[in-house]
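[1] Fold the following and give me the result.
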Amino acid sequence: MKKPELLSPVGGPEAFYGAINAGADAVYLSGRSFGARAYAENFDNESLTDAIDIAHLFNIRVYLTVNTLIKQNEIEDIPDVLYEPYLHHLDGVIVQDPGAISVINKHYPDLPIHLSTQLSSTCGFSADFFKKYNVTRIVPARELDINEISMLKERTGLEIECFIHGAMCYSYSGKCLFSSLLGGRSGNRGRCAQPCRLPYSSDIYDEKYILSMADLCTLEILDELVGGPIDSFKIEGRMKKPEYAAGVTAVYRKYIDKIYAGEYKGCEDEDIEFIKNLYLRTRISEGYYHRHNTKDMLCIDSPSYNGSDDDILNSVRKRYIDKKPVLGIDVECRIKQDQYTELSAKYDDIKVSIQGPCPDKAINSPLTEQSINKQLNKTGDTFFVINRASIDLDDGLFFNVAALNSLRRELLDRLYKEIIRCNINSMSK
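    So this is what the prediction gives:
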């Protein structure tokens, strides 16, 4: 049974760290241009490339959303928007606009392209058309049931990414013009005002929320979905708070791992309640996986959220968001008389080394293992903590503290880059 990728929404840096700490396999995010969530915090060029590097350090993939419809005078900007992320080995780009797909493939022919759910792909014909543009994954229309998803997977042979949790649209994604027509805020430009969440009157209802969809939650059918045709389980929510993204990711991580390990015995009630306190609406549903339409997929009486539990939000923040993700490493320091000083650092099977000048003979205060260990453990704002430090030191030697700190910084920088390089190579296979 293939283990599905758990794909988490990242609206900004806090959500990014929360997703890493909560166990995401991949994240999707946007730069400041062409993302379908224009009002999310999003990333500028520098923070975007930093995020890609940090994600790769933790063996996590990054997909960039370029999933708005592109105006003719904007099309020439797309290669520039993708240039720096591409150099940092962006793992994929999620695209809606067919013209943008063509332009991206022309300038970056080896960059994997994912067909956005905004394209409303419901069968294999669109995949057949776009395969020549290096499309590797389809995010199909959310209205497909599990059998239709299976047929799409079998027909195309491409990766399939589907939403498993979060807000649902009444219209086919990418086909709704409601917000654009009413207020000039186009959902296809990332500015949906969500008029479907307002009350309307009809022949049947008076002032009811007849267009407001219940939120999707698949925890109760997750054991059926794992091992099925879906390669990537996607959580919706780039506009939601970081606590939401981290908390939902953690719960789905827990049960995906249990199912994969053969330890699943059903979803615990406390986890359902936990999820419901992370900004779910007044009603939840299992989406379209087993149906094409039913009344219970709507929030007829109220479109609002249930509210949230401050204690739960604070616990999520403390556990997943306020702490920096780190990797534990082992270091070795060798300071011997008349020999070059050598420092090494190791993470799993990845090891780097660096040499410095020979030590001097001490006049007053010789080096001690304790003093060296103190300097080695000053990992500062890096993403490393020292699990174990081995020190091989001759007696009666002196080594400048500033020089030792400089060697440590260079060593950790080398290890950072080498882990990223190895993980990129591993993920590309």
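[2] Which helix in the protein has the most residues?
    For the chain, the helix that runs over the most residues, judged by DSSP state H, is helix 401-427.
[3] for that one, packing partners?
    With contacts defined as 3 or more Cβ pairs under 8 Å, 6 or more residues apart in numbering; DSSP states H and E, helix 401-427 has these neighbours: helix 45-57, strand 327-335, strand 341-347, strand 350-356, helix 369-376, strand 384-393. From N, CA and C alone the C-beta is placed, and that goes for glycine too.
[4] got those as CSV, with mean pLDDT, distance to Met427 and mean neighbour count columns?
    Output for the helices and strands packed on helix 401-427, formatted as CSV (pLDDT from 0 to 100; distance: least, Cβ to Cβ, whole Å; neighbours: other Cβ atoms under 10 Å):
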stretch, mean pLDDT, distance to Met427, mean neighbour count
helix 45-57, 95, 8, 19
strand 327-335, 98, 16, 19
strand 341-347, 98, 16, 19
strand 350-356, 97, 15, 16
helix 369-376, 96, 30, 15
strand 384-393, 97, 21, 15
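[5] right, so of those, which gets closest to Ile138?
    Among those, helix 45-57 comes nearest to Ile138, with 22.7 Å by Cβ to Cβ.
[6] and the angle from that closest one to strand 384-393?
    60 degrees (axes from the mean of the first three to the mean of the last three Cα atoms, to 10 degrees).
[7] CA atoms only for helix 45-57 - export them in CSV, please.
    Output of helix 45-57 as CSV, limited to C-alpha atoms (Å, rounded to 0.1, in the frame of the first residue of the first chain):
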residue,chain,number,x,y,z
ASN,A,45,10.7,36.5,-3.0
GLU,A,46,13.3,36.2,-0.3
SER,A,47,11.0,34.4,2.2
LEU,A,48,9.7,32.1,-0.5
THR,A,49,13.1,30.8,-1.5
ASP,A,50,14.1,30.5,2.2
ALA,A,51,10.9,28.5,2.8
ILE,A,52,11.8,26.2,-0.1
ASP,A,53,15.3,25.6,1.3
ILE,A,54,14.0,25.0,4.8
ALA,A,55,11.3,22.6,3.6
HIS,A,56,13.9,20.6,1.7
LEU,A,57,16.1,20.5,4.8
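[8] between it and strand 327-335, how big is the angle?
    Computed by the same axes, to 10 degrees, the angle separating helix 45-57 from strand 327-335 equals 80 degrees.
[9] could you point out which element follows helix 45-57?
    Note on helix 45-57: by DSSP states H and E, the next helix or strand toward the C-terminus is strand 61-66.
[10] Give me the residues contacting that following strand.
    5, 7, 25-31, 34-37, 48, 51-52, 55-56, 78, 81-82, 85, 90-95, 100, 104, 114, 116, 427 (Cβ atoms under 8 Å, 6 or more residues apart in numbering).
[11] Over to stretch 151-158?
    Residues from elsewhere that reach stretch 151-158, judged by Cβ under 8 Å, 6+ apart: 121-124, 127-128, 131, 135-138, 140, 144, 160, 229.
[12] Among those residues, which lie within strands?
    Per DSSP state E, strands hold the following members of the contacts of stretch 151-158: Val135, Thr136, Arg137, Ile138, Ile160.
[13] just the buried members of these?
    Neighbour-count burial (16 or more other Cβ atoms under 10 Å) applied to those gives Val135, Arg137, Ile138, Ile160.
[14] now, among the residues you listed, which is nearest to Asn400?
    Arg137 (52.8 Å).
[15] Number of residues surrounding Ala193?
    Neighbourhood size, Ala193 [other Cβ atoms under 10 Å]: 16.
[16] What of Met239?
    Other residues within reach of Met239, judged by other Cβ under 10 Å, total 16.
[17] wait, is it part of a strand?
    No. According to DSSP: H, G, I helix; E, B strand; the rest coil, Met239 belongs to no strand; its state is coil.
[18] Please tell me I have it right and it contacts Ala15.
    No. Met239 lies out of contact with Ala15 (Cβ atoms under 8 Å); the separation is 10.3 Å.
[19] list the contacts for the nearest residue to Glu369 once chain neighbours are set aside?
    Spatial nearest neighbour of Glu369, chain neighbours left out: Ile391 (4.7 Å); criterion: Cβ to Cβ, 6 or more residues apart in numbering. Ile391 is in contact with Glu332, Cys333, Ile335, Glu369, Ile372, Asn373, counting by Cβ under 8 Å, 6+ apart.
[20] Next, format those as TSV and append distance to Asn423.
    Listed next are the contacts of Ile391 as TSV, based on distance: Cβ to Cβ, whole Å:
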residue	distance to Asn423
Glu332	23
Cys333	26
Ile335	32
Glu369	33
Ile372	30
Asn373	29
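[21] So which of those residues is the closest to Arg197?
    Arg197 has its nearest neighbour among the contacts of Ile391 in Asn373, at 58.0 Å by Cβ to Cβ.
[22] The closest one and Arg317, how far apart?
    Distance, Asn373 to Arg317, by Cβ to Cβ, to the nearest Å: 33 Å.
[23] Kindly report the same for Leu280.
    In this view, Leu280 and Arg317 are 18 Å apart by Cβ to Cβ.
[24] Ok, Tyr28 next?
    For Tyr28, the distance to Arg317 (Cβ to Cβ) stands at 22 Å.
[25] When the two are compared, which one has more neighbours?
    Shown here are Tyr28 and Arg317; by other Cβ under 10 Å, Tyr28 has more neighbours (28 against 18).
[26] Excluding chain neighbours, what is closest to the more buried one?
    Closest residue to Tyr28 apart from its sequence neighbours, by Cβ to Cβ, 6+ apart: Tyr63 at 4.4 Å.
[27] same question, Leu119
    Sequence neighbours aside, Gln96 is the residue nearest to Leu119 in space, at 5.4 Å (criterion: Cβ to Cβ, 6+ apart).
[28] Tell me how many other residues surround the one you found.
    24.
[29] Hmm, Ile104 and it touching each other?
    No. Contact criterion Cβ under 8 Å: Gln96 and Ile104 do not qualify, at 11.7 Å.
[30] would you turn the helices and strands packed on helix 401-427 into JSON lines with distance to Ser212?
    Output for the helices and strands packed on helix 401-427, formatted as JSON lines (distance: least, Cβ to Cβ, whole Å):
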{"stretch": "helix 45-57", "distance to Ser212": "33"}
{"stretch": "strand 327-335", "distance to Ser212": "44"}
{"stretch": "strand 341-347", "distance to Ser212": "48"}
{"stretch": "strand 350-356", "distance to Ser212": "50"}
{"stretch": "helix 369-376", "distance to Ser212": "57"}
{"stretch": "strand 384-393", "distance to Ser212": "47"}
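[31] Go through those and name the closest to Tyr289.
    It's helix 45-57; of the helices and strands packed on helix 401-427, that one is closest to Tyr289 (Cβ to Cβ) at 29.0 Å.
[32] Fine, thanks again, bye for now.
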